[in-house]
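Enquirer: for reference, the sequence and a predicted model appear below.
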Amino acid sequence: MESIYLAIPLTSLLGAIIAGFFGKQIGREAAHWAAILGVGASFVLSLVVLKDVAFDGAAVYNQSVYTWMVSDGIHFEIGFLIDSLSALMMVVVTSVSLTVHIYTIGYMQDDPGYQRFFSYISLFTFSMLMLVMSNNFLQLFFGWEAVGLVSYLLIGFWYTRETAIYANLKAFMVNRVGDFGFLMGIAVLVAYTGSLDYIEVFDRSDKMASATIQVIPGLDWSVITLACILLFIGAMGKSAQVPLHVWLPDSMEGPTPISALIHAATMVTAGIFMVARMSPLFEQSETALSVVLVIGATTAILMGLIGIVQNDIKRVVAYSTLSQLGYMTVALGASAYSAAIFHLMTHAFFKALLFLAAGSVIIAMHHEQDIRKMGGLKKYMPITYWVSLVGSLALIGFPGTSGYFSKDAILVATQNSNIPGSGYAYLMLLIGVFVTALYTFRMFFLVFHGEERIDESTRAHLHETPPVVTIPLILLAIPSAIIGWITIGPVLFGGYFEDAIIVFKEHGAMAAVAETFHSSFNFVLHGFRGLPVYLAAAGVIVAWVFYLKKPSLAVTVKEKSGFLYRLLEQKYYFDRFNEIVFAATARGVGHVFWRIGDALVIDGLVVNGSARLVGWFSGVIRQVQTGYLNHYAFVMITGLILLLGWAVLA
């Protein structure tokens, strides 16, 4: 099996190399086939691994493949840890990536950077696979930084646009903040365990739990708490949690296929996966779990509210991603790691579906993205309409859809959690259910129903997108609708994650959920006894009344909401705050260092100063060369007298 494990990431890398380095020589069609076949091979092999792990009972594979170096007894290696968690993640990453690759043929067909785009998205898949398959922190950090690099390249893919360059720089800089915390967390673990290997670090977590460190003199911190919080800061950057969320909405400047890939299967899921993988560490610190819980709940509600006032179709879906990532983070904080990964899986399918459906609408509307300029598209785009309906119902947690099973599991687990902050988190998630339904169906109704607000020139050519676009949508709609029925039992309650996730008995929120689970059908029926189903229905009804039945109500509410609407429209002024406090301060400090370090010290003293000193000294020495013989004789005699005087005195 080791050759299969090696082939899974390397086939995607090979496709990226062929499309990137030889794309112009082999042409557009050959380049996209190289990338698609590479990712397709990764997907098929990932299915083989999942079958081996889930159905054939294969033992956990944990081996080093290559040793880069050994320093002070610490091994820097490339290695794979193949267990139930990594096997599931590999299938999610490659399946969603494969549909995005196929969809890209239609979406990017007229783009001059066609081959370059296929190279980047295949490289993105390779990077994420290296991350989820790693068995040590070195390789984890490599994959972590690699997905960040490729996201930078893809967000700024249309580099002639100033907004795209601003967006990719913003993503890169915000993630540097998170990655600094992540790297410091790894450093703490290495300092106290002397190893980069997951299993060795996990085995020594008990000792770290009893050790303390003074970050601030006189104040003792638990080492394990410090390490976990620092690791989670990295997750806050990658998985866009408040306040390090500001880069994700601007990532919409990249082409729609990469928006789907970032939001569904690669970049933003890395932080969720990492915390789940580190469950043996996080379980040792209730403080760290509480921080995770509160940050996730705050993100879920605040970002959902912003989605209500967005008018760009891609940004509405982007803010829903932020909110859903908050749900996953809450599950992690409640020690319901399996529910977080389960929601990550279902969310990957319906969020990729919604993004690619939005891209289908954008293609048909000649790249118009404002939902206020759409309406009535149902009759023009029936396939896109129905798959969008499936994705929207899954997003709001409509009973029976994949999103229902995973979201309801998170809500019940949070309700049963005893981690400090779980009461606050449960309340925020309940409100978030209503908010999610409201902004999702506001978008759906404004795009596909109601009065047509389409430009006449666009209407004349409006039609359904070609099969190369719609077939991936249908393929994603199928798991979005039914995968919850098939997987909830074995994944959440069948012990699927027993070899990969550790949960202490005192944190048994999922155990309480398991007590009420008897079958998928009963789980759906049980949902009608709780508030979430009715809150979601209320959100849909409010959206229908405000945006279809009586649109004047939405206008009235907007006019009377005043500051609240501006607060949401300005995204709670996070961008303004960062610009004034951090960006302006950084530029100011940089200017001071430039004036002192560059202009005064380097240019003034070192470079220009040394040149001026040499020039002055040369001018002085030049005066000695007079050309008169008597002057030279006088200097020679004077020098001889001084030399003899020194010899006598010595």
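Expert: That came through, no problem.
Enquirer: just give me the residue closest to the centre of the protein.
Expert: For the chain, the residue nearest the mean C-alpha position is V268 (2.1 Å; CA atoms, centre = their mean).
Enquirer: was I right about that residue contacting L325?
Expert: Yes. Using CB atoms under 8 Å, V268 is in contact with L325, at 6.0 Å. Backbone N, C-alpha and C define where each C-beta goes, glycine included.
Enquirer: find residues that contact each of these two.
Expert: S239, A240 (CB atoms under 8 Å, 6 or more residues apart in numbering).
Enquirer: where does D370 fall, phi/psi-wise?
Expert: D370 adopts backbone torsions of phi -80, psi 120, taken as degrees, to the nearest 10.
Enquirer: what does Y114 give?
Expert: Main-chain torsions, Y114, degrees, to the nearest 10: phi -50, psi -50.
Enquirer: for the biggest helix by length in the chain, packing partners?
Expert: When the chain is parsed with DSSP state H, its longest helix is helix 162-193. With contacts defined as 3 or more CB pairs under 8 Å, 6 or more residues apart in numbering; DSSP states H and E, the packing partners of helix 162-193 are helix 137-155, helix 198-203, helix 205-210, helix 223-238, helix 247-250.
Enquirer: just the buried residues of it, please?
Expert: Within helix 162-193, the residues scored as buried using 16 or more other CB atoms under 10 Å are 164, 167-168, 170-175, 177-179, 181-186, 188-190, 192-193.
Enquirer: show me what the mean pLDDT comes to for that helix.
Expert: Average pLDDT, helix 162-193: 92.
Enquirer: can you name the element that comes right after the helix or strand the residue nearest to the centre of the chain falls within?
Expert: Assessed by DSSP states H and E, V268 sits inside helix 267-277. The helix or strand immediately downstream of helix 267-277 is helix 279-282, counting by DSSP H and E.
Enquirer: distance from that following helix to the middle of the chain?
Expert: Distance of helix 279-282 from the chain centroid (CA atoms, centre = their mean, to the nearest Å) equals 21 Å.
Enquirer: what packs against that helix?
Expert: Partner elements for helix 279-282 (3+ CB pairs under 8 Å, 6+ apart): helix 198-203, helix 205-210, helix 223-238, helix 286-307.
Enquirer: give me the buried positions along the second one.
Expert: Under the neighbour-count criterion of 16+ other CB under 10 Å, helix 205-210 has S205, M208 buried.
Enquirer: got the angle for the helix or strand immediately after that helix in the chain vs helix 162-193?
Expert: Helices and strands here follow DSSP H and E; after helix 205-210, the next one along the chain is strand 212-216. On the basis of axes from the mean of the first three to the mean of the last three CA atoms, to 10 degrees, strand 212-216 is oriented at 140 degrees to helix 162-193.
Enquirer: quick one: contacts of strand 212-216?
Expert: Contact with strand 212-216 is made by V188, D220, W221, S222, V223, L226, as judged by CB under 8 Å, 6+ apart.
Enquirer: ok, stretch 435-448 next?
Expert: Counting by CB under 8 Å, 6+ apart, 301, 304-305, 307-308, 310, 313, 316-317, 319-320, 323, 361, 371-372, 374-378, 381, 385, 388-389, 392, 395-397, 535-540, 542-544, 546-548 sit against stretch 435-448.
Enquirer: now mean pLDDT and distance to T626 too, for the helices and strands packed on helix 279-282, in CSV please.
Expert: Below are those laid out as CSV (pLDDT from 0 to 100; distance: least, CB to CB, whole Å):
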stretch, mean pLDDT, distance to T626
helix 198-203, 93, 77
helix 205-210, 87, 79
helix 223-238, 94, 71
helix 286-307, 95, 80
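Enquirer: of these, which is nearest A336?
Expert: Comparison of these against A336 by CB to CB identifies helix 286-307 as nearest, at 10.3 Å.
Enquirer: how far does that closest one sit from its chain's centre?
Expert: Averaging C-alpha positions (CA atoms, centre = their mean) puts helix 286-307 16 Å from its chain's average.
Enquirer: again with stretch 464-479
Expert: 24 Å.
Enquirer: show me what counts as buried in it.
Expert: For stretch 464-479, a neighbour-count test (16+ other CB under 10 Å) marks E464, T465, V469, T470, P472, L473, L475, L476, A477, P479 as buried.
Enquirer: what does stretch 490-509 give?
Expert: Result for stretch 490-509 [16+ other CB under 10 Å]: buried residues V491, L492, F493, Y496, F497, A500, I501, I502, V503, H507, G508, A509.
Enquirer: now do stretch 36-45
Expert: Buried residues in stretch 36-45 (16+ other CB under 10 Å): I36, G38, V39, G40, A41, S42, F43, L45.
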